[in-house]
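A.B. asks: How does the following fold in three dimensions:
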Amino acid sequence: MQGGSQEAGKAETGLTDLAAPWSTARRWAAQAKRIVRPAAGLGSVWRPIAWPVNSGQWLLSLALACWALAGPRATAASTERVVYRLSIDQPITVASRDYLDRALELAEEAGAQAALVQLNTPGGDLGSTTSMVSRMLNARVPVLVWVGPSGAQAASAGTFLVLAGHAAGMASRTTIGAASPVGPGGAELPTTARRKATEDIAALARSLADRRGETARVWAEKAVREAASASAEEALKLGLIDLVAESPAEFLAQLDGRVVEVEDRRVRLQTARAVIRDVPPSSAERLLAVLIHPAVALLLLTVGINAILIELANPGGFVPGIVGVLALALAFYSLGVLAANWIGLLFIAAAFVLFVLELQSPTHGLLTVAGIGLFVLGAVVLFQGGWYAVPWTTIGALAAGLALFFAFAVGAIFRAMRRRPVTGTEGLVGSTAIVRRLLNPEGLVFVEGELWRARLASGERAPEGARVRVLAREGSTLVVQVLEGQASPDRG
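C.D. replies: A predicted model of the protein is given here:
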C-alpha cells in the first residue's frame with residue numbers, strides 16, 4: 001500500500017509539473033489580449049493600445065506555450081514500452097544458446113520492459129539448455145516465455161526453458177514435458193549413466209519449479225523420471241505457467257501489472273500495448289544453425305568422402321582434396337554438436353569401402369547394392385530417435401546420387417587408371433609402323449612421327465613400305481611383326 005501511495009504521489013507530482021507551463025501560458029495570453037483592442041468604428045481592424053510587458057516576457061510566454069504543447073509527445077516517446085522478441089523454432093543447440101545470449105544483451109542495453117522468448121522445440125542438447133537456463137535466471141530484464149503458436153511444443157529441453165522464465169504462458173493445443181534424459185541421437189543410456197543423468201536433471205527441474213508451488217515441483221520431477229507431458233490447460237492447473245494466451249500480444253496484455261522477481265528485486269510488468277521488437281538471428285547464427293542440421297551434416301559427410309576418393313584415385317588435382325577436407329571438417333563438427341551415433345558413422349564408412357571394392361573388382365553390382373543398403377542403414381542410425389532425424393527424402397536422394405556417382409564418375413577414373421598408356425615409348429606397343437629400310441630381319445621403321453631401329457620377331461623379311469605391328473621394345477630397338485599379306489618370301 002505504501003508503495004502505491006508513493007507511485008500516486010509521483011503521478012500527481014508529474015501532473016502538477018506538466019500543468020505549470022499551461023497556467024503560465026494562459027496568464028501571458030490574458031495579458032496579450034490586453035495589448036490590442038478593436039478600434040472604435042473600424043470593425044475588424046485592430047490597432048495597438050498598450051504594451052504592459054516587454055519583448056523578453058512576450059518571447060518567454062511563447063516558448064512556454066510551445067513547450068507545453070510538445071512536452072506530452074516527447075514524454076510519451078521517451079517512455080515507449082518495448083519488448084524484445086526472439087523466436088526459437090528448432091532443436092536447442094549452441095546456435096540457440098548464442099542467439100538467446102545476444103538477444104538478452106540487446107534487451108538489457110536498451111532498457112527494454114522485457115525479453116519475450118517465443119518457443120517451439122522438440123528438445124535438444126543438455127549442455128546448451130543449462131547454459132540458456134543460467135542466462136535467463138541472471139538476466140537484468142524480465143524474461144517471458146510463450147509456447148506457441150497452436151501446435152507448438154516445449155518438449156524435453158524446452159520444459160526447462162519454460163520453467164526458467166520469470167513468467168510463462170502457452171497457446172491452446174500446445175504441450176510441455178517429456179524431459180527424460182537420452183543419449184546421443186536419442187539412444188538409451190547405460191543404466192548407471194542414466195541414473196546419474198536423471199538425478200541431476202530432476203534436481204534442476206525441482207529447483208526451477210520451486211517458486212511455482214509443490215504441485216508444479218512434483219510434476220516437473222515426474223516429467224524427468226516418467227517422461228510426463230501436459231497440455232496448456234493442464235499446465236495452467238498444475239501451476240507450470242501463468243496463463244493461456246493465443247498470441248504474443250495477448251500474452252503481454254494479460255501479464256501487464258504482474259510482479260516478477262528479477263535479480264532479487266521486484267519488478268512490475270508494464271507490457272500492455274508494448275511495442276514488440278523482433279531480434280532475428282544474425283548471419284553467423286543462421287550459418288551455424290544450417291551447419292548443425294542433420295541433413296546438412298550427412299550431405300557434408302557424403303561429399304567429403306567422395307571428394308577424398310576422387311583425389312586418391314587421380315592425385316594432383318588438389319581441388320577435390322581441398323573440398324573433401326573442408327567438407328569432412330564441417331561434417332565432423334556438426335556430428336559432434338549433434339551428438340551423433342558413431343555406429344551409424346561406421347556403417348556409412350563401410351558402405352564407401354564396398355563401393356571402392358566394386359570398382360576394383362566388379363561383381364556386377366552386388367557390392368554396390370550392399371553398399372547402398374549400408375549407407376541407408378547408417379544414415380538412419382546416425383540420428384536414431386530423439387529430436388534429430390534425417391528426412392527419408394534426403395536419405396533416398398543421397399543414396400541414389402551415390403549409386404550414380406560411383407557407377408559413372410569414379411568408375412571412369414579407375415578405368416582410366418587401368419587403360420594402356422597412349423603417350424611415351426610405352427604407347428608404341430600395339431601401334432602400326434611403316435618399314436623405311438628393309439627388315440632382314442633388322443632395319444628401320446617409322447612410327448608416331450619417329451624413325452626407330454626394328455627387328456622382326458620371326459625369320460620373315462619385310463620390304464620398304466610394308467606395315468608391321470610393334471610387339472615390344474628392347475632398349476632402343478622395337479620388336480615388330482609383319483601384318484598379314486605384307487611379308488616378302490625369303491630368297492636365301
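A.B. asks: tell me the helices in the stretch 151-300 of the chain, going along the chain?
C.D. replies: All helices of the stretch 151-300 of the chain, identified by DSSP state H, counting those that start in this stretch, fall at 157-164, 191-209, 214-225, 232-238, 248-255, 283-291, 294-313.
A.B. asks: Who's the closest spatial neighbour of Ser150, skipping the chain neighbours?
C.D. replies: The shortest distance from Ser150 to any non-neighbouring residue, by Cβ to Cβ, 6 or more residues apart in numbering, is to Arg173 (4.3 Å). Every C-beta, even on glycine, is put in place using the N, C-alpha and C of the backbone.
A.B. asks: which residues does the residue nearest the centre of the chain contact?
C.D. replies: The chain has Ala289 as the residue nearest its centroid, 1.1 Å off, counting by Cα atoms, centre = their mean. Contacts for Ala289 were tallied using Cβ atoms under 8 Å, 6 or more residues apart in numbering; they are 90, 93, 95, 281.
A.B. asks: What's the separation between it and Asn341?
C.D. replies: To Asn341, Ala289 is 21 Å away according to Cβ to Cβ, to the nearest Å.
A.B. asks: ok, now Ser87?
C.D. replies: With Cβ to Cβ as the criterion, Ser87 and Asn341 are 29 Å apart.
A.B. asks: Can you pick out the residue with more neighbours from these two?
C.D. replies: Taking neighbours as other Cβ atoms under 10 Å, Ser87 and Asn341 compare with Asn341 leading, 24 against 18.
A.B. asks: pretty sure that one contacts Gly378?
C.D. replies: No: under the criterion of Cβ atoms under 8 Å, Asn341 is not in contact with Gly378, lying 9.2 Å apart.
A.B. asks: And stretch 237-250, how far out from the chain middle?
C.D. replies: Offset of stretch 237-250 from its chain centre (Cα atoms, centre = their mean, to the nearest Å): 29 Å.
A.B. asks: which residues are contacting it?
C.D. replies: Against stretch 237-250 from outside (Cβ under 8 Å, 6+ apart): 85, 116, 118, 146, 148-150, 162-163, 167-172, 176, 209, 212-213, 215-216, 219-220, 230, 232-233, 235-236, 251, 254-255, 258, 276.
A.B. asks: got the CA positions of that stretch in CSV?
C.D. replies: Taking only C-alpha atoms (Å, rounded to 0.1, in the frame of the first residue of the first chain), the coordinates of stretch 237-250 have been written out as CSV:
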residue,chain,number,x,y,z
LYS,A,237,-3.8,-26.0,-13.5
LEU,A,238,-0.5,-27.5,-12.3
GLY,A,239,0.9,-24.0,-11.9
LEU,A,240,3.7,-24.6,-14.5
ILE,A,241,2.6,-21.5,-16.4
ASP,A,242,0.9,-18.2,-15.6
LEU,A,243,-1.7,-18.1,-18.3
VAL,A,244,-3.0,-19.4,-21.6
ALA,A,245,-2.8,-16.8,-24.5
GLU,A,246,-3.3,-17.3,-28.2
SER,A,247,-0.8,-14.7,-29.4
PRO,A,248,2.3,-12.8,-28.1
ALA,A,249,0.2,-9.6,-27.9
GLU,A,250,-2.5,-11.2,-25.8
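A.B. asks: Just the buried subset of the contacts of stretch 237-250, written out for PyMOL, thanks.
C.D. replies: This is the PyMOL syntax for the buried subset of these, where burial follows 16 or more other Cβ atoms under 10 Å:
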select buried, resi 85+116+118+146+148+162+163+167+168+169+170+171+176+209+212+216+219+220+230+232+235+236+251+254+255+258
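A.B. asks: Relative to Leu357, how far out is the closest residue to Val480 other than its chain neighbours?
C.D. replies: Nearest residue to Val480 in three dimensions, chain neighbours excluded: Val468, at 4.1 Å (Cβ to Cβ, 6+ apart). Using Cβ to Cβ, one gets 42 Å for the distance from Val468 to Leu357.
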